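Novice: I'll drop the sequence and a predicted model, then ask my questions.
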Amino acid sequence: MKTAIVISETSSNHHTGLGHPENADRVEAVINSLKKNKKLLWKKAAKFDNNILNITHSSKYVKNVKDSFPKKGLIFFDGDTIVSPGSKEATADAVGSIIAAIDGVEKKEIKNAFCAVRPPGHHAEKDKAMGFCIYNNVAVGANYLLNQYKYKKIAIIDFDVHHGNGTQDIFYDNEKVLYISTHQYPYYPGSGSDNEKGKYNNILNIPLPAGTNSMQYMDAYEHVLKKLKSFQPQFILFSAGFDAHKDDPLAQLQLTSKDFYEITRRTLVYAKTHCNGKVVSILEGGYDLNALSESTEQHVKALLEFSK
């Protein structure tokens, strides 16, 4: 089987305004970098029943979002979360990418997948858009696995440099979903202390100080693997943010591009043995284009190695 890259033809239509760090150049850089690899299978985002969104977000929030997309110009959900006319399809296709990836794994068309789409999702709470995020793509994916495929245990590993407050909010009292986050702390969005554990001890936050280097991060990542072993998930989802890279302008961790290979490899060693290698990853942050493209290459390199 193969590793798939799931893309959306509408990602570039989500405009966030001049100078905004979360822009169409990000996904373009990732896709151009990955196109060099001829071993990858390319898939498009799937269309889906809108009721899927209502499992993750409140129906009132989903309606408010859909009613907010402008016919022209930009609308601000908050100071940095912005939508344009093209955002309506782009946000839906970002969700549709993880649906397509999960379906591909479940139908045994692919072994694993990386969704190279935008906008990101992990800051979006059940009833709130924030931090560049509108719908929580990875959370929708987890709920899709629980509801469509009747899984009992899903793990979400979030290595974005910012804590995924939205994903934590959505699954805080859900014993079927383990949420693990490594992130710079204290930092935006302010959540993510290690005493936030979830109702069923299903949240593991690993806060890291600014300046954390590769060796220190990898030592901390052992706690991720230990928690996976105790929870025993049947499927693993990555919230794959690459802004912990030392060159990223929005944070101060000191990882290198090759560290993202190692993070992925270590996780896939576990996944191969314990959940038949079922892994889907979706892009979150990463705002230096060179660092982002190099880091996603390393992430996908590991996915490919475990797709055989």
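Specialist: Right, received. Where do you want to start?
Novice: For the nearest residue to residue 208 once chain neighbours are set aside, give me its contacts.
Specialist: Nearest residue to residue 208 in three dimensions, chain neighbours excluded: residue 184, at 5.8 Å (C-beta to C-beta, 6 or more residues apart in numbering). Heads up, the C-betas are built off the backbone N, CA and C, glycines and all. Shown in contact with residue 184 (C-beta atoms under 8 Å, 6 or more residues apart in numbering): 161, 162, 207, 208, 209, 210, 212, 244, 251, 252, 253.
Novice: Go through those and flag which are in strands.
Specialist: 207, 208 (DSSP state E).
Novice: Go ahead and build a PyMOL selection from the buried members of the contacts of residue 184.
Specialist: To isolate in PyMOL the members of those that are buried, counting by 16 or more other C-beta atoms under 10 Å, one can use:
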select buried, resi 161+162+207+208+212+244+251+253
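Novice: measure the spatially closest residue to residue 200 that is not a sequence neighbour to residue 280 for me?
Specialist: Computed as C-beta to C-beta, 6+ apart, the closest residue to residue 200 that is not its neighbour in sequence is residue 175, at 3.9 Å. Counting by C-beta to C-beta, to the nearest Å, the separation of residue 175 from residue 280 is 21 Å.
Novice: Look at those two and report which has more neighbours.
Specialist: Each of residue 175 and residue 280 has its neighbours counted (other C-beta atoms under 10 Å); residue 280 has more, 29 against 13.
Novice: how near is the more buried one to residue 45?
Specialist: 13 Å.
Novice: okay, and the common contacts of those two?
Specialist: With C-beta under 8 Å, 6+ apart, residue 280 and residue 45 have common neighbours residue 115.
Novice: May I have the helix or strand hosting residue 219 as CSV, with CA atoms only?
Specialist: Following DSSP states H and E, one finds residue 219 within helix 214-231. The C-alpha coordinates for helix 214-231 follow below in CSV (Å, rounded to 0.1, in the frame of the first residue of the first chain):
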residue,chain,number,x,y,z
SER,A,214,16.0,18.7,19.8
MET,A,215,17.5,16.5,22.6
GLN,A,216,15.2,17.9,25.2
TYR,A,217,12.2,17.6,23.0
MET,A,218,12.9,14.0,22.2
ASP,A,219,13.3,13.2,25.9
ALA,A,220,9.9,14.7,26.5
TYR,A,221,8.4,12.8,23.6
GLU,A,222,9.0,9.6,25.4
HIS,A,223,6.0,10.6,27.6
VAL,A,224,3.9,10.7,24.5
LEU,A,225,4.9,7.1,23.6
LYS,A,226,4.3,5.9,27.2
LYS,A,227,0.8,7.4,27.2
LEU,A,228,0.0,5.7,23.8
LYS,A,229,1.0,2.4,25.2
SER,A,230,-1.2,2.7,28.2
PHE,A,231,-4.2,4.0,26.2
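Novice: so residue 4 makes contact with residue 45?
Specialist: No - using C-beta atoms under 8 Å, residue 4 is not in contact with residue 45, being 11.6 Å away.
Novice: gap between the residue nearest to residue 208 and residue 223?
Specialist: Remark: distance between residue 184 and residue 223 (C-beta to C-beta) = 16 Å.
Novice: Next: residue 144.
Specialist: 27 Å.
Novice: where does the residue positioned nearest the centre of the chain fall, helix, sheet strand or coil?
Specialist: Nearest to the geometric centre of the chain sits residue 239, at 2.5 Å (C-alpha atoms, centre = their mean). Each residue gets one of three states, and residue 239 gets strand by DSSP: H, G, I helix; E, B strand; the rest coil.
Novice: List of residues touching stretch 63-78?
Specialist: Residues outside stretch 63-78 that contact it (C-beta under 8 Å, 6+ apart): 15-17, 57, 82-85, 87-88, 91, 129-130, 134-135.
Novice: I'd like the average pLDDT over the longest helix that the chain contains.
Specialist: In terms of residue count, the longest helix belonging to the chain (DSSP state H) is helix 87-106. Across helix 87-106, the average pLDDT comes to 98.
Novice: quick one: that helix to chain centroid distance?
Specialist: 12 Å (C-alpha atoms, centre = their mean, to the nearest Å).
Novice: Report all helices and strands that it contacts.
Specialist: strand 3-7, strand 41-44, helix 51-56, strand 112-116, helix 137-148, strand 279-283 (3 or more C-beta pairs under 8 Å, 6 or more residues apart in numbering; DSSP states H and E).
Novice: So which of these is nearest residue 308?
Specialist: Nearest of the helices and strands packed on helix 87-106 to residue 308, taken as C-beta to C-beta: strand 3-7 at 9.7 Å.
Novice: Thanks again, I'm all set now.
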